[in-house]
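Chemist: Pasting a predicted model and its sequence here:
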Amino acid sequence: MLRIAVQKSGRLSEDSLKLLKECGIGVPNGNNQLKIKAENFDAEILFLRDDDIPEYVQDGVADIGFVGENVVLEKNKATEIVERLGYGKCRLSIALPKTRKKIELKELNGMKIATSYPFILNRWLKQNKIKAETHVISGSVEIAPRIGLADAICDLVSSGSTLFSNELYEYETLLRSEAVLISGKQLSPQRKELLDKLLFRIRSVKKAKY
Ligand code: PRT
Ligand code: ZN
């Protein structure tokens, strides 16, 4: 049996379940259950917080998972991206207050940047030889500059309306992300076979769409 991790409730939940359904895999409506047996496929669906999915897949609690590439790269666990899924598209970007237009990259030196993505941000800062202070907060990052907690933020952006309403603008994109399918590195031959079967179906669904 293949154990498939899906976000319990959030932006990727609906599209992930829809994709499974299009692959002929039924997921019964479980009232808030942690796991549920799939219909028409030898699989079990585990409903998890997106942040936990890479670790559970690495540790073999789940065999595969549907999760944002941004989370996969931030958590940096021993998992493999086996397919890009085309939904949940967003960017991870540094945003600045509108009052600080057109600064040079080096002017980020000494700034305090609020983010929920310290790993990706620090790696990018290092690559660009910028010495900034990262301030980790888990939610509502966009209000940090307004309350004086930070000079800039590094957060996910899709339409840009959150930045706009907080008088920020997208300054630099660090990553373009979408939902991906990740797999553990040590799947048994039986589970590998089920994953291949699922991948074949996912690719057929994608082909039919584009
Ligand atoms: O509860 P759990 O931990 O599972 O969920 P979560 O709240 O951490 O994640 P969730 O459901 O918000 O997002 C899940 C995934 O969706 C993310 O990891 C991304 O891969 C993807 N995604 C796509 C987004 C966005 N677009 C997005 N716009 N995730 C978050 N946002 C937020 C962003 O953080 C900001 O607050 O939406 C706001 C910006 O949106 P715009 O449209 O105003 O620019
Ligand atoms: Zn989360």
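Modeler: Arrived safely. Ligands and ions are numbered 1, 2, ... in the order given.
Chemist: Helices along the protein, start to end?
Modeler: 13-22, 53-58, 69-75, 118-127, 161-165, 189-209 (DSSP state H).
Chemist: now, of those, which is deepest in the fold?
Modeler: helix 53-58 (a mean of 23; mean count of other CB atoms under 10 Å). Where you see a C-beta, it was placed from the backbone N, CA and C, and this is true even at glycine.
Chemist: So which elements touch it?
Modeler: strand 2-7, strand 64-68, helix 69-75, strand 79-84, strand 179-184 (3 or more CB pairs under 8 Å, 6 or more residues apart in numbering; DSSP states H and E).
Chemist: Deepest-packed of those, please.
Modeler: strand 64-68 (a mean of 28).
Chemist: quick one: strands adjacent to that one?
Modeler: Strand 64-68 has its sheet partners listed here by DSSP bridges as strand 2-7 (parallel), strand 179-184 (antiparallel).
Chemist: neighbouring contacts of it?
Modeler: By CB atoms under 8 Å, 6 or more residues apart in numbering, the residues outside strand 64-68 that reach it are 2-7, 12, 16, 19, 48, 50, 53-54, 56-57, 79, 82, 85, 88, 90, 177-184, 195, 198.
Chemist: Near ligand 1, list only the ones from those residues.
Modeler: 7, 12, 50, 88, 90, 177 (CB under 6 Å from any ligand atom).
Chemist: Could you save the residues you listed as TSV and add columns showing pLDDT and distance to ligand 2?
Modeler: Below are those laid out as TSV (pLDDT from 0 to 100; distance: CB to the ion, whole Å):
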residue	pLDDT	distance to ligand 2
7	97	8
12	98	10
50	98	4
88	98	12
90	98	13
177	98	13
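Chemist: Going by distance to residue 122, which of these wins?
Modeler: Distance to residue 122, by CB to CB, is smallest for residue 177 among the ones next to ligand 1 among the contacts of strand 64-68, at 17.4 Å.
Chemist: Tell me, how many residues neighbour the closest residue in space to residue 175 that isn't next to it in sequence?
Modeler: Nearest residue to residue 175 in three dimensions, chain neighbours excluded: residue 92, at 4.2 Å (CB to CB, 6 or more residues apart in numbering). By the criterion of other CB atoms under 10 Å, residue 92 has 24 neighbours.
Chemist: In terms of pLDDT, where does the residue at minimal distance from the centre of the chain sit?
Modeler: Nearest to the mean C-alpha position of the chain, by CA atoms, centre = their mean, lies residue 68 at 2.2 Å. Residue 68 carries a pLDDT value of 98.
Chemist: Next one: it from residue 85, what distance?
Modeler: Remark: distance between residue 68 and residue 85 (CB to CB, to the nearest Å) = 10 Å.
Chemist: what do the two both touch?
Modeler: Jointly contacting residue 68 and residue 85 under the rule CB under 8 Å, 6+ apart are 178-180.
Chemist: I'd like those residues laid out as a markdown table, including pLDDT and distance to ligand 2.
Modeler: Listed next are the shared contacts of residue 68 and residue 85 as a markdown table, based on pLDDT from 0 to 100; distance: CB to the ion, whole Å:
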| residue | pLDDT | distance to ligand 2 |
| --- | --- | --- |
| 178 | 98 | 16 |
| 179 | 98 | 13 |
| 180 | 98 | 15 |
